[in-house]
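Asker: give me a 3D structure for the following:
(2 chains)
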Amino acid sequence: MKDRMSHAISFSSVRKTFGEVTALDGLDFVAPSGAVTVLLGPNGAGKTTTVRLTTGAMIHDSGEIRVLGLDPLTDGDEVRARVGVVPPKPAFYDQLSGWENLKFAATIFKADEAQAREAAVRFAIDDVLDQDVGGYSTGMRTRLALARAVLHDPEVLLLDEPTAGLDPESARAVLDLISEMAERGRTIVMCTHLLHEAEGIADQVILIEDGQVRASGDPKTLVDQYMADPTVIIDAEDRTMLRIIAELDGVLSVRDEGAFRVVLDSTDRIPDIVVELVKRGVRPTRIDPLRPTLEDLYFEMQRAHREAR
Amino acid sequence: MRWTMIKAVIRIDLYRLFKTKDYWIPLVILSGIFFVLLPGVLLGSLGLAQPSPILGQIGEIVGTLPDAIQRNIQGDDPMTRASYAVAVYLLAPIAIVVPLTISSAVGANSIVGERERGTGEYLAHSPLTVGEIYIAKLIASLIPGYLAGIVGFAMYSVVVNIIVGSQIGRWFFPTAGWLLLVLWVIPPFIAIALALILRLSAQVRSAASAHQASSLVTLPVILMSYAVASGLLYSPVISAAVAGLIAWVVAILLLVSGTKSIKRERLLGVSADT
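Answerer: Numbering: from 1, shown residues only, chains lettered A, B, ... in the order given. Just a heads-up that it's a prediction; the model follows:
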């Protein structure tokens, strides 16, 4: 029980099917309390189903789910009162104003109007609250959805593709919210396939594919696990001359991606490689040791799992 | 049941309906036709009619009514008696048909509409229980129809009193039977229809399907209520009261079972079996 409580969310062998389609196939993961967990996965991986099962909006076929120590199936009302959700395409009552939508949310979640107003100010949407939501831009709708999701100060915030289709400023608002809520000890679960936006905020990354967890851990551990060998991007005035790199000592693999992506056995090799290239008449224009991003990690994990099959 | 939350859903549904003119203007026109235009033209024509075969036929119809009713029909001449009979006895079903039609149109769209707009996802993730959502949707669908019925009934009363009352010499409408019908019998009939329509609205995949499916419920309920309404006006008041009570019991039973009939998943826009 103690272990469960230290995890805001736990999924244990959860299975969910829609007729012939298996959305979740024995999904196992935990989202630690007060941490930011990023669920990575392609479309159809089961991320949205995971969010819906978390609040009890959907019923799983088998397995066990606990949210804040509660079972969403039997204690769903309490779970939903303590959780905030930002769906991928936030929908509103478009004929009504932003304020009317927020006031409705405040009543449903037992918050007061001051909290609703405060949330609107927080996401810089307060100056358009008297306009009908039907006239809002995508960015404004997302800001309103964020305000609506957090106005009751939820203990757990579930964000399902929150930055999809957003302008940079609105996307920044989402990421700032995540950072700010995490600092206040709230638990965040964010589903995304836009990996660069999860950079730097994820305490834990979970790769989901075909309804199963393919890999999970903190980003550094995963990088060490999947991208242990250092990589450097090299380009030159005459790119054809770079083919000789494969012959050099310490080079494990070379991939031509426009510039050359070179995997080495050690970063110590980089100066020697540069010297050797110059010696052979190559004029390098780019020597860029790669700091692996979540995107690199994501594709590397996917590649590793495909090869393992 | 948490009524503060239920009231919030009702309020937002009604406000949304109020702001959607394309939706409620036809409903107002429908009420106007059935409660004002049609009775006005019909009763006005009777008042202006010279002795004719049509008037004779109406007189024959009035003559077939039970003696107890015949004794209640007021008026000194056949024309006035015919107008009175038409106003009080033959147009009674209007009071049922209009509110039922309006409430059915609103109710059919209520749950599937949330799903189509995507707002169902928000409700599904909210602390509202499905029972609370069901009750809120039912009340929010019942209010426009019943309100139209009450307002229409008031307008009908004015039309009847102006046209027929002037012939009789005094304002006589509404009668006790009509008051009982409007205040006691019609609400449970609307609730019965809505209890069934909301279940359909939660099952189908589109608002268009919901409207088609709701007609399967609405038509039999309209026919049944048409018969009941007509019958009650000819019956002693106590019979109408008992019939209303039975309708209320049926409505409550359907509502109680209805609160448990909707799955939260249906708000999400996905089927549990697909």
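
Asker: mind checking pLDDT for the closest residue to chain A within chain B?
Answerer: Closest contact between chain B and chain A, by C-beta to the nearest C-beta, is at B:Gly118 (2.9 Å). Quick note: C-beta positions are derived from backbone N, CA and C, even for glycine. pLDDT recorded at B:Gly118 is 90.

Asker: enumerate the residues of chain B near chain A.
Answerer: Residues of chain B lying close to chain A (C-beta under 8 Å from any C-beta of the partner chain) are B:4-5, B:8-9, B:11-12, B:15-16, B:19-20, B:117-119, B:121-122, B:124-129, B:263-265, B:267-268, B:270-274.

Asker: buried ones among the residues you listed?
Answerer: Neighbour-count burial within the residues of chain B next to chain A applies to B:5, B:8-9, B:11-12, B:15-16, B:19, B:117-119, B:121-122, B:124-129, B:263-265, B:267-268, B:270; the criterion is 16 or more other C-beta atoms under 10 Å in any protein chain shown.

Asker: was I right about the residue of chain B closest to chain A contacting A:Lys89?
Answerer: Yes. Assessed by C-beta atoms under 8 Å, B:Gly118 is found in contact with A:Lys89 at 6.2 Å.

Asker: now B:Ile69: which helix or strand?
Answerer: helix B:67-72 (DSSP states H and E).

Asker: with A:Phe260 instead?
Answerer: strand A:259-264.

Asker: quick one on the thing from earlier: now the residue of chain B closest to chain A: how far from B:Arg264?
Answerer: 15 Å (C-beta to C-beta, to the nearest Å).

Asker: the residue nearest to A:Val36 when sequence neighbours are not counted bridge partners, please.
Answerer: In space, and not counting its chain neighbours, A:Val36 is closest to A:Ile188: 4.5 Å by C-beta to C-beta, 6 or more residues apart in numbering or on different chains. Following DSSP bridges, A:Ile188 is listed with bridge partners A:Val36, A:Leu157.

Asker: which ones are touching A:Ile188?
Answerer: A:Ala35, A:Val36, A:Thr37, A:Val156, A:Leu157, A:Leu159, A:Ile178, A:Met181, A:Ala182 (C-beta atoms under 8 Å, 6 or more residues apart in numbering or on different chains).

Asker: what of B:Gln74?
Answerer: B:Gln74 neighbours (C-beta under 8 Å, 6+ apart): B:Thr80, B:Arg81, B:Tyr84, B:Ile168, B:Phe172.

Asker: assign it to helix, strand or coil.
Answerer: coil (DSSP: H, G, I helix; E, B strand; the rest coil).

Asker: about what we covered before: of the contacts of A:Ile188, which pair is most distant in space?
Answerer: Largest separation among the contacts of A:Ile188 by C-beta to C-beta: A:Ala35 and A:Leu159, giving 14.0 Å.

Asker: more neighbours, those two?
Answerer: With neighbours defined as other C-beta atoms under 10 Å in any protein chain shown, A:Ala35 and A:Leu159 compare such that A:Leu159 has more, 26 against 19.

Asker: please, which helix or strand holds that one?
Answerer: strand A:156-160.

Asker: can I get that strand in PDB, CA atoms only?
Answerer: The C-alpha coordinates for strand A:156-160 follow below in PDB (Å, rounded to 0.1, in the frame of the first residue of the first chain):
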ATOM      1  CA  VAL A 156      -2.500  15.000 -11.000                       C
ATOM      2  CA  LEU A 157      -2.500  16.700 -14.300                       C
ATOM      3  CA  LEU A 158      -2.900  14.600 -17.500                       C
ATOM      4  CA  LEU A 159      -2.000  16.300 -20.700                       C
ATOM      5  CA  ASP A 160      -2.700  14.500 -23.900                       C
END
